[in-house]
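Asks: make a model of this:
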Amino acid sequence: MAENKEYMHGEGNLHISEDVVTAIVIGAAKEIEGVYSVTPLANVSSYMKKGGKNANRGVKITTGEDGILVIDLNLTVNYGTVIQELAEKVQQAVASSVEAMTGYRVTAVNVNVIGVHLD
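Replies: You can find the predicted model right below:
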């Protein structure tokens, strides 16, 4: 995704930074019970080559034409969490938050559970 996405808004322009979209993704995911954290991969450099500047935050945003987004995020979950249910809730929360707050259309939210927090 480009650093800024431009939308026409009335008689002016609206620019939404990739950092803003990433913050929305992280905030929405963290609101779901059972999410311990949005977690960067251990090998950030290879993920960043594939995913963009926010990969070190555990989020990869790919944009298509007309502001259509595919979002990948890496999660660490709390022990005892039913992962399938959690992933579905995260997908719904992330997509609806990004769409409501930015006007982007989200076609997919791919959840990668890369860790379990034991505590």
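Asks: list the residues that contact the residue most central in space within the chain.
Replies: Nearest to the geometric centre of the chain sits Val25, at 3.9 Å (C-alpha atoms, centre = their mean). Residues near Val25 by C-beta atoms under 8 Å, 6 or more residues apart in numbering: Val38, Val59, Ile61, Ile71, Leu73, Val94, Ser97, Val98. Glycine gets a C-beta too; all of them are placed from N, C-alpha and C.
Asks: out of the residues you listed, who's nearest Asp119?
Replies: Of all the contacts of Val25, Asp119 sits closest to Val38, with 17.4 Å by C-beta to C-beta.
Asks: that closest one touches Glu31, doesn't it?
Replies: No: in this structure, Val38 is not within contact of Glu31 by C-beta atoms under 8 Å, at 11.4 Å.
Asks: which of these two has more residues huddled nearby?
Replies: Legend: neighbour count by other C-beta atoms under 10 Å for Val38 and Glu31, higher for Val38 (20 against 13).
Asks: residue contacts, the nearest residue to the more buried one once chain neighbours are set aside?
Replies: In space, and not counting its chain neighbours, Val38 is closest to Gly58: 4.2 Å by C-beta to C-beta, 6 or more residues apart in numbering. Contact analysis of Gly58 by C-beta under 8 Å, 6+ apart lists Ile26, Ser37, Val38, Thr39, Pro40, Leu41, Leu73, Asn74, Leu75.
Asks: switch the cut-off to 10 Å
Replies: 22, 25-26, 29, 37-41, 44, 47, 72-76, 112, 114 (C-beta atoms under 10 Å, 6 or more residues apart in numbering).
Asks: give me the buried subset of these.
Replies: 22, 25-26, 29, 37-41, 47, 72-75 (16 or more other C-beta atoms under 10 Å).
Asks: mind giving me the packing neighbours of the longest strand along the chain?
Replies: Ranked by residue count and defined by DSSP state E, the top strand of the chain is strand 105-117. On a contact count with 3 or more C-beta pairs under 10 Å, 6 or more residues apart in numbering; DSSP states H and E, strand 105-117 meets helix 18-30, strand 35-38, strand 59-63, strand 68-78, helix 83-102.
Asks: contacts for the second one?
Replies: Put plainly, it is strand 35-38. 22, 25-30, 57-59, 73-79, 81, 86-87, 89-90, 93, 111, 113, 115-119.
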